[in-house]
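Peer 1: only geometry, no sequence info:
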Ligand SMILES: Nc1ncnc2c1ncn2[C@@H]1O[C@H](COP(=O)(O)OP(=O)(O)OP(=O)(O)O)[C@@H](O)[C@H]1O
């Protein structure tokens, strides 16, 4: 599903002494099925932008079009419930939103809320479990008795069970260990491919932006300052540094290797595996 953001502005607490312009004239076109990473220094407006994508916030100015849905400043949107079914939102620490007495009821909340019968809703719950790698045996347990990783998977299942067409992920790996982070990102990338989900990831990780996104959007002080594929965006480390961002570590290493081997490397070395392959190739060349 395609997303078009036009001249979007957001002001928190307008006409009060605390008034704060968090978004400033944002224009962005996300194509259907694209994987977009939004990066930027803390407070640059990433989460504010993400929350506009399923109508959690109302624009102060401008509009957001998601498929056939329009969210516009000064207009009441009567179809927010339908929009929230289409745009699934995973917040930081989603497990904090678990509330029901069993895992089954918790995951079924969305489908029941969107009008499914109990039978349909519970069938959807069972169908979604393999996708998030959760065992059927957990269904009758209290979500509060699960491990941290399982809780997070239950919370994510509660979003995926509605079969959204757009997935908005706001720092979904916050608080996980490195293996957990990677597993979680693998889950989202496989979903993205399997279901052609348009995916918007808000992240502080340059590595994730580089490794997973087709389009990287850079925010600074409420403005969208750069957008493009990772190999374009991370070509400008000086520009990124000025706004408090780094290039991915693998790319920093690749640049050092470029220096010492006096050779130009491809500009899309964003994963450790790609970097190791390149070093191996260079070392082989040296020894021949
Ligand atoms: N509910 C709110 N009321 C008032 N100001 C807010 C509110 N939420 C966010 N802000 C302010 O708006 C600006 C943008 O915040 P936002 O959370 O969108 O940034 P962010 O880039 O997601 O930051 P982080 O990376 O730290 O999560 C910040 O200056 C923040 O203090």
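Peer 2: Perfect, thanks for sending it. Everything quoted here is computed from the prediction, not taken from an experiment. Numbering: from 1, shown residues only.
Peer 1: surely residue 93 meets residue 175?
Peer 2: Yes. Using CB atoms under 8 Å, residue 93 makes contact with residue 175 at a distance of 6.2 Å. All C-beta spots, glycine's among them, are computed from the backbone N, C-alpha and C.
Peer 1: Give me the more crowded residue out of these two.
Peer 2: Higher neighbour count among residue 93 and residue 175: residue 93, with 16 against 12, using other CB atoms under 10 Å.
Peer 1: which residues touch the more buried one?
Peer 2: 174, 175 (CB atoms under 8 Å, 6 or more residues apart in numbering).
Peer 1: What distance do you get for it to the ligand?
Peer 2: 12 Å (CB to the nearest ligand atom, to the nearest Å).
Peer 1: do residue 107 as well
Peer 2: 27 Å.
Peer 1: Does the ligand have contacts with the strand or helix carrying residue 211?
Peer 2: Element membership for residue 211, per DSSP states H and E: helix 206-212. No. Helix 206-212 does not reach the ligand (CB under 6 Å from any ligand atom); its nearest approach is 13.2 Å.
Peer 1: Next: stretch 171-186.
Peer 2: No. Stretch 171-186 stays clear of the ligand (CB under 6 Å from any ligand atom), getting no nearer than 6.9 Å.
Peer 1: so residue 128 touches residue 157, yeah?
Peer 2: Yes. Contact status for residue 128 versus residue 157: in contact at 5.0 Å, counting by CB under 8 Å.
Peer 1: do you know how far residue 37 is from residue 211?
Peer 2: As defined by CB to CB, to the nearest Å, residue 37 lies at a distance of 9 Å from residue 211.
Peer 1: Between those two, point out the one with more neighbours.
Peer 2: residue 37 (26 against 21).
Peer 1: Would you tell me what the next helix or strand after the helix or strand hosting that one is?
Peer 2: Per DSSP H and E: residue 37 is located in strand 35-40. As assigned by DSSP H and E, the chain's next helix or strand after strand 35-40 is helix 46-52.
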